[in-house]
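Visitor: got a predicted structure plus its sequence, pasted below:
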Amino acid sequence: DTGVSQNPRHKITKRGQNVTFRCDPISEHNRLYWYRQTLGQGPEFLTYFQNEAQLEKSRLLSDRFSAERPKGSFSTLEIQRTEQGDSAMYLCASSSPPGVFGANVLTFGAGSRLTVL
Amino acid sequence: GEDVEQSLFLSVREGDSSVINCTYTDSSSTYLYWYKQEPGAGLQLLTYIFSNMDMKQDQRLTVLLNKKDKHLSLRIADTQTGDSAIYFCAESPTGNQFYFGTGTSLTVIP
């Protein structure tokens, strides 16, 4: 297993276009997370899946954003009608369920950088 | 529990100790975490501490937790140039949604 894989690593698009990012988590991890990171800031939570179920969504996730994890393995994050404010690094992370009182240890991918012109 | 604060920059000389500080707001977080991010890379877990502990040591890393003041610190002993990176503390009140600080950029001067 090579860790959490994200594609593409970089995407440049024009305002108004749709973009899709893919995340392949560590195979035995049933939890998958999407975060957004802008320059000089820490990652901000977007959404979280346990298997194929999307269990939490941030208020940051507008109607233009949609995430799926159809078979409980890889996930996609689609942004429709991109705006310049969507320019950021989109990070995916995965984890396995912690034991009772255990820590939830996230393994992050290298991220997908989006630039909207 | 969404305000996690860190100082933005820290500069130390190689071989000295680095101390990175963090304040958080949600006392219900069971664990508190430190992550490291190198340029162009994702975040890498360094260590975490159970909220009932005051201190945790892991090789060159020492985490101190003052739960009363909601203050967390990360001490790196014998800092090396390879430690230059951005360090994030994070809290997780629900165990799922993580709140990260703005990150402290550590520069190690040879």
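Guide: Alright, I've got the coordinates. Numbers count the residues shown, from 1 in each chain, chains lettered A, B, ... in the order given.
Visitor: correct me, but B:Glu38 touches B:Asp83?
Guide: No: contact criterion CB atoms under 8 Å: B:Glu38 and B:Asp83 do not qualify, at 10.0 Å. All C-beta spots, glycine's among them, are computed from the backbone N, C-alpha and C.
Visitor: which of these two has more neighbours?
Guide: Set B:Glu38 next to B:Asp83 and count neighbours by other CB atoms under 10 Å in any protein chain shown: B:Asp83 wins out with 18 against 13.
Visitor: how much space between that one and chain A?
Guide: Distance, B:Asp83 to chain A, using CB to the nearest CB, to the nearest Å: 19 Å.
Visitor: tell me the pLDDT at that residue?
Guide: pLDDT, B:Asp83: 96.
Visitor: who does residue 88 bridge with?
Guide: By default, I'm working from chain A. Note on A:Ala88: beta-bridge partners A:Leu114, judged by DSSP bridges.
Visitor: hmm, no, I was thinking of chain B.
Guide: B:Tyr35.
Visitor: now do the contacts for it.
Guide: A:Gly42, A:Pro43, B:Gln6, B:Trp34, B:Tyr35, B:Lys36, B:Gln37, B:Leu43, B:Phe100, B:Gly101, B:Gly103, B:Thr104 (CB atoms under 8 Å, 6 or more residues apart in numbering or on different chains).
Visitor: what is the neighbour count of the fourth one?
Guide: Neighbourhood size, B:Trp34 [other CB under 10 Å]: 23.
Visitor: does it touch B:Tyr48 like I think?
Guide: Yes: if you go by CB under 8 Å, B:Trp34 and B:Tyr48 touch, sitting 7.0 Å apart.
Visitor: between these two, which contacts overlap?
Guide: Taking CB under 8 Å, 6+ apart as the contact rule, B:Trp34 and B:Tyr48 both touch B:Val63.
Visitor: which parts of chain A sit against chain B?
Guide: A:4, A:31, A:33, A:40-45, A:48, A:55-56, A:58, A:91, A:93, A:98, A:101, A:103-111 (CB under 8 Å from any CB of the partner chain).
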